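Q: next comes the sequence, and after it the predicted model I'd like to discuss.
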Amino acid sequence: MIYYFSGTGNSRYAAEKIARQTGDRCVDIADIYKGEVRSVVGKSDVTGFVFPVYYGGLPEMVRRFVSNPEIKGHLGGYVFAIITCGGNPQAAGEKLTKALGREPDLCASVKMPDNYVIAYAPATGREAISVLRKADSKLSGLSDRILNRETYILRATLPQKIASTLMYPLYEPFRTTVFFKATDKCVSCGRCAANCPDGAIKIVRGRPKWVKNRCQHCTACINRCPSEAIQFGRLTENRGRYNIMKLGQGDNK
Ligand SMILES: Cc1cc2nc3c(=O)[nH]c(=O)nc-3n(C[C@H](O)[C@H](O)[C@H](O)COP(=O)(O)O)c2cc1C
Ligand code: SF4
Ligand code: SF4
């Protein structure tokens, strides 16, 4: 079983690509929390986790999921983790090991197009395609390693460990929802609420309303709005938008 979390499609793309090559099944962690799929379906020989790095660590939902004793109790014989990142996973692998209570047998990072539009302009166009093609070949190699049950651990360097220690505490206060807003470009399609993995958006009188104080900050609402109507304060104005479907890859789940 491969458990994944994804805001803009990279990690889902990676999980599905590995599943195709290894013959495994993928489950969206957000769907488990929404009650749309049964939590854990028995012990499997292989358990995989695929998710993006956030602030040098784990998205809150992933941390919560892998820390759950039920999940730990169902871990299969071989455990792997693929961490997608925009450039530097820092010490996210070590943070996963800590939350999971054991080191995976294989843990690797894959550079994919950067999506954090709140912090900087995300990858778009040719640049994003070129990053994706390199990711494709890395993912194929990792699938072979997983099929061969190889042991391979990404180890963070000392500067990466220091960066994670400094950056990750910022995630908690920064994942506030107070600065999200929908502009008049909103066409009331409701996709932002449907795409939110955290149930943080409700459509009220045709417009999104953020109903939680904090969310995952996955950027799905901003990056996947078809009208580019969602802003985070003024930080996301005049910045492009990224999601893997825009590159003609993956489907709009
Ligand atoms: C809140 C947030 C924090 C991020 N922090 C990092 C980071 O510390 N290092 C990095 O390389 N990429 C970082 N990124 C970029 C994502 O990890 C990367 O684009 C990932 O592939 C997105 O996956 P997804 O499309 O499955 O959501 C961050 C993105 C977000 C939304
Ligand atoms: S996805 Fe965009 S256009 Fe659709 S309801 Fe949300 S803000 Fe409005
Ligand atoms: S509100 Fe937006 S950024 Fe926050 S979890 Fe939902 S989709 Fe992601």
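A: That came through, no problem. Numbers count the residues shown, from 1 in each chain. Ligands and ions are numbered 1, 2, ... in the order given.

Q: residues in contact with residue 149?
A: For residue 149, the contact set (C-beta atoms under 8 Å, 6 or more residues apart in numbering) comprises 78, 105. Using the backbone N, CA and C atoms, a C-beta is placed for each residue, glycine as well.

Q: the worst-scoring helix or strand of the chain on mean pLDDT: which residues count as buried?
A: Within the chain, judged by mean pLDDT, DSSP states H and E, the helix or strand with the poorest mean is helix 69-73; its value is a mean of 82. Neighbour-count burial for helix 69-73 flags residue 71 (criterion: 16 or more other C-beta atoms under 10 Å).

Q: now that helix: how far from the chain's centre is it?
A: 21 Å (C-alpha atoms, centre = their mean, to the nearest Å).

Q: mind checking what helix or strand follows it in sequence?
A: Using DSSP states H and E, the helix or strand that follows helix 69-73 in sequence is strand 78-85.

Q: who does that following strand pair up with?
A: strand 46-52 (parallel), strand 106-111 (parallel) (DSSP bridges).

Q: relative to ligand 3, which of the ones you listed is closest?
A: Among these, strand 46-52 comes nearest to ligand 3, with 11.4 Å by C-beta to the nearest ligand atom.

Q: ok, and what's touching that closest one?
A: By C-beta under 8 Å, 6+ apart, strand 46-52 touches 1-7, 10-12, 14-15, 18, 22, 24, 29, 58-59, 62, 66, 74-85, 96, 104, 115, 146, 218.

Q: can you show me the CA trace of that strand as CSV?
A: Only the C-alpha atoms of strand 46-52 are listed here, as CSV (Å, rounded to 0.1, in the frame of the first residue of the first chain):
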residue,chain,number,x,y,z
VAL,A,46,5.3,-3.2,1.3
THR,A,47,4.2,0.2,2.8
GLY,A,48,5.2,3.4,1.1
PHE,A,49,4.8,7.1,2.0
VAL,A,50,5.0,9.8,-0.6
PHE,A,51,4.6,13.4,0.3
PRO,A,52,6.1,16.9,-0.2
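
Q: now the strands for the stretch 151-253 of the chain?
A: Secondary structure of the stretch 151-253 of the chain (DSSP state E, counting those that start in this stretch): strands at 152-153, 180-182, 201-204, 207-210, 230-232.

Q: do the second one and ligand 2 meet at all?
A: Read it as strand 180-182. Yes: Strand 180-182 lies within reach of ligand 2 by C-beta under 6 Å from any ligand atom, at residue 182.

Q: please state the offset of that strand from the chain centre?
A: Counting by C-alpha atoms, centre = their mean, strand 180-182 comes out at 21 Å from the chain centroid.

Q: next: the shortest one.
A: On the basis of C-alpha atoms, centre = their mean, strand 152-153 is displaced by 21 Å from the centre of the chain it belongs to.

Q: over to the third one?
A: In terms of C-alpha atoms, centre = their mean, the centre of strand 201-204 is set 22 Å apart from its chain centre.

Q: report whether that strand contacts ligand 3.
A: Yes: applying C-beta under 6 Å from any ligand atom, one finds strand 201-204 touching ligand 3 at residue 201.

Q: contacting residues around residue 113?
A: 10, 86, 122-124, 127-128, 131-132, 242, 244, 247.

Q: just put the strands paired with strand 78-85 in CSV and tack on mean neighbour count, distance to ligand 1 and mean pLDDT.
A: CSV is the format used below for these (neighbours: other C-beta atoms under 10 Å; distance: least, C-beta to the nearest ligand atom, whole Å; pLDDT from 0 to 100):
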stretch, mean neighbour count, distance to ligand 1, mean pLDDT
strand 46-52, 26, 3, 96
strand 106-111, 20, 7, 98
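
Q: any idea which of these gets closest to ligand 2?
A: strand 46-52 (20.7 Å).

Q: about what we covered before: between the strands of the stretch 151-253 of the chain, which one is closest to ligand 1.
A: strand 230-232 (10.9 Å).
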